[in-house]
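**Q** With the input below, show me the fold.
(chains A and B)
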Amino acid sequence: MRGMGGGPGPTEPPPSAAEEVVEENSGGEEEELELGLCLGSKKQQQSPAPAPCRILTARDLQPAAALSPDSSVSSSSPAAASRRAKAEEGSNPGASPGTVASGHPQSFGVVGWPPIRTFRMNSLFGQAKDTAPDADTKKTATDESELLKDKEESEKKGRTPGWVKVNMDGEVIGRKVDLNAHRSYKTLALALEIMFSKPSAGLCAPSSTKSPRLLDNSSEYQLTYEDRDGDWMLVGDVPWEMFVGSVKRLRIMRTSDASGLGPRVQAIHRIVTPTRGRT
Amino acid sequence: MGRAGGPAAPPWHSLPDEVWEHAFSFLPADADRGAAACACHGWLRAERRSRRRLVVPNCYATDPRDAVDRFPSVRAAEVKGKPHFADFGLLPPSWGAYAAPWVAAAADGWPLLEELSFKRMFVTDECLEMIASSFRNFQVLRLNSCEGFTTAGLAAITEGCRNLKELDLQENYIDDCSSHWLSNFPECYTSLEALNFSCLHGEVNFTVLERLVSRCRNLKTLKLNNAIPLDNVASLLRKAPQIIELGTGKFSADYHPDLFAKVEAAFAGCTSLRRLSGTWDAVPDYLPAFYCVCEGLTSLNLSYATVQGPELIKFISRCKNLLQLWVMDLIEDHGLSVVASSCSKLQELRVFPSDPFGHNGGQVFLTERGLVDVSASCPKLESVLYFCSRMTNEALVMIAKNRPNFTCFRLALLEPRSPDYITRQPLDAGFSAIVESCKGLRRLSMSGLLTDLVFKSIGAHADRLEMLSLAFAGDSDLGLNDILSGCKSLKKLEIRDCPFGDKALLANAAKLETMRSLWMNSCSLTVGGCRLLALKMPHLTVEIINDPGETCPVESLPFDSPVEKLYVYRTLAGPRSDTPDCVQIV
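**A** Modelled structure (predicted):
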């Protein structure tokens, strides 16, 4: 399905593993990437294929997934292997071998996409229970009741729930992401990565792709969130549902600033600092 | 003109204005009237004084008082506010588009106003109270995608507007104050012809509703909300068999033969029913109760019905006279091929996604095939909105060849930048075929992987295109430049997440004044570029929009600071004064 894209081939860690250490095969050049928003490059990039930014990763991502903004070119969602397998099983009998997992969009959680009126979204979420035959296999009872409650509240207020702000250190302008559009940390991480990299990358040079890195030891950035109590926490420790229930906003923090976030982060900090000759 | 005729005939220029006003009444199109008004002062005077219907597509294009002064005899006015992308949550809630100044100006200058429509505007209860008390012959109120009011405001309308014929509330966010707005219609009131409260969440008093429906013998349109159970819908229909347009309430219940019989009998009596919508939670068990009306239906909106394909197909295949069909992608390709063969008169098709984020593992089998079939077999098809997950250039080329009569083509591929799923190529060739073949295309929304090439085609061929929506498309400023330097008829351009910067805008600044508006978000614009644009074009308002609470005064930002959201529109009124903090006009 997804081409190897010429990127590195990190070992795919089992989903339950803690941090993974992803080896980049072309370490130096990617570290200089400018982490600008998709608005204006602060630094001269070589056209026509400026290297995209690598800031995030998801723990149990498919190997060598091409993760430039045009990674969606292959149109196959880098979703959980189980999800894709399911889609393939259920895929259109009429589909030719070259088709991707049918009808399974990579959820970007970008504000306003797909272009469905918020009024319709609010109405539909109240109906979302049995849209597909096996819709509920993944949902837990708590999930649904929480979702329904959110939808009811939002219907009252007339606003789509689940949008949280995302700010990145060094960027003045933040973004918003719809947590309801995601079911796991990895799709969220991917979405954020794409959001905070230049969409104009076009067809990016295969050699510059590497897996997204969230909460990765060697990443320059960490994904953190502010919870209901006002504390800043590292994303990824608690189950997804619990995270969604308590997150107020997200921040992509420089690892160097993340020292207050707990022993794990401090360990990362110790590992990272001595080798940060690449900046 | 101006040459005197024989001794008995008056010169043209001294014909009384009433003659010209009568002549202009045969020009229904505003554009034609506008053109006539430009001919000379006499015609200007006659035209503006006789104008009965006014549409203001951008509420900030003019001061409301100027509009009222210029057209003092208006009886029906329609005003639109926020830009289209507000529908997708891209605009901060406090942005503006307040109806109050319009209502105030109308109350002052149009005492004989009969109809008022607001779309995407902020309407308050005070506005509604003022409407109720200012126009003695007020008949029609339409609020579409508005917010800011409650059922208390509605109560003022139903109580105060003795001649109300139409109350149409479409997709508004209305706070329920448990106000008995429906009960406020006086007992002697019988002139209601159209009532749409489908967007209200709260319960309404059914007895009151039933009595209202019984006594309003001219009721033609009734669109209920989700709180009205099936049983009650049937009762209402028995009281109003003359109905032409129905929005059902909650269309599900446990199957019971008595209830089924009741519903079926009620529908059987509605021989004039032509348009059907609502059907939330529709269960297949009750769909057959509709079968008797299928043949007469011209418009069917099942876009909230999460009914699976086979039941949908059974239903739709009976609707041989459909002109307009809105449905969920649960109909799948197979269902659309049935539509193609059954609904030969179809003019408009909209297919909405049941699973926009792919949470259900992509089980729905709606692909490009469905659209190809429908466009091949429905010769009158001219308007399409199609959400699906995959597309090919070949399919688009076929569609373009089959249906050169498209006036509106909107394709939303769920995943941004999806290429042709077979060849992996951009969809440039497909969309180019569409614009080259469909010479009458007025509205286009594109998605999928698109390079600058497609914009070359659009700029060159899309002469009648009035509205263009782009997302995650293009490679460079060249793309935007091709659009702005071509597309002779372009009025509205909305762009998100495309790598377009200031250069193309500045090079085509004059074009922006020939357009109604331009929206761009998440592109490559800079504060400096926007400032330059504003300087260059004094009749444009250039708004930089941030998220609420994240304001940085534009003056203090360096030239190359990125601009997240830009809204540019032409205006006669100068910069507006009601901007929230997060909006800055440069």
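**Q** alpha carbons only for contacts and neighbour counts from here, please
**A** Noted.
**Q** Output the lowest mean pLDDT helix or strand found in chain A.
**A** Sorted by mean pLDDT, DSSP states H and E, the helices and strands of chain A end with helix A:81-89, the least confident at a mean of 37.
**Q** I'd like to know which elements the helix or strand following that helix is packed against.
**A** Per DSSP states H and E, the first helix or strand lying C-terminal to helix A:81-89 is helix A:118-125. Helices and strands touching helix A:118-125, by 3 or more CA pairs under 8 Å, 6 or more residues apart in numbering or on different chains; DSSP states H and E, are helix A:141-157.
**Q** average pLDDT for the helix it packs on?
**A** In this model, helix A:141-157 has an average pLDDT of 41.
**Q** Likewise for stretch A:112-129?
**A** pLDDT averaged over stretch A:112-129 gives 75.
**Q** what's the straight distance from one end of stretch B:266-280 to the other?
**A** End-to-end distance of stretch B:266-280 (CA to CA, to the nearest Å): 19 Å.
**Q** Which residues outside it are in contact with it?
**A** With CA atoms under 8 Å, 6 or more residues apart in numbering or on different chains as the test, stretch B:266-280 has contacts from B:198, B:223-226, B:234-235, B:237-238, B:240-252, B:289-290, B:292-293, B:296-302, B:304-306.
**Q** Which residue does the stretch 451-586 of chain B have closest to chain A?
**A** B:Ser524 (4.0 Å; CA to the nearest CA).
**Q** which outside residues touch stretch B:247-257?
**A** If you take CA under 8 Å, 6+ apart as the criterion, stretch B:247-257 is touched by B:196, B:198, B:222-230, B:233, B:276-283, B:285-286.
**Q** Can you report how many residues neighbour B:Ser183?
**A** Per other CA atoms under 10 Å in any protein chain shown, the neighbour tally for B:Ser183 reads 18.
**Q** ok, and the closest non-adjacent residue to it?
**A** Sequence neighbours aside, B:Val208 is the residue nearest to B:Ser183 in space, at 6.1 Å (criterion: CA to CA, 6 or more residues apart in numbering or on different chains).
**Q** Confirm for me that that neighbour is in contact with B:Leu182.
**A** Yes. B:Val208 lies in contact with B:Leu182 (CA atoms under 8 Å); the separation is 7.0 Å.
**Q** more crowded one of the two?
**A** Neighbour totals were compared for B:Val208 and B:Leu182, and B:Leu182 leads with 19 against 16 (other CA under 10 Å).
**Q** do the strand or helix carrying B:Pro310 and chain A meet at all?
**A** For B:Pro310, the host element (DSSP H and E) is helix B:309-316. No. Residues of helix B:309-316 are not located near chain A by CA under 8 Å from any CA of the partner chain, the shortest gap being 11.0 Å.
**Q** Can you list the buried residues in that helix?
**A** For helix B:309-316, a neighbour-count test (16 or more other CA atoms under 10 Å in any protein chain shown) marks B:Gly309, B:Glu311, B:Leu312, B:Ile313, B:Phe315, B:Ile316 as buried.
**Q** between those, which is closest to chain A?
**A** Among the buried residues of helix B:309-316, and counting by CA to the nearest CA, the member closest to chain A is B:Gly309, at 11.0 Å.
**Q** still on that earlier bit, got the contact list for the helix or strand containing the residue nearest to B:Ser183?
**A** Taking DSSP H and E as the definition, B:Val208 sits inside helix B:206-215. By CA under 8 Å, 6+ apart, the residues outside helix B:206-215 that reach it are B:Leu182, B:Ser183, B:Thr190, B:Leu219, B:Asn232, B:Ser235, B:Leu236, B:Lys239, B:Ala240.
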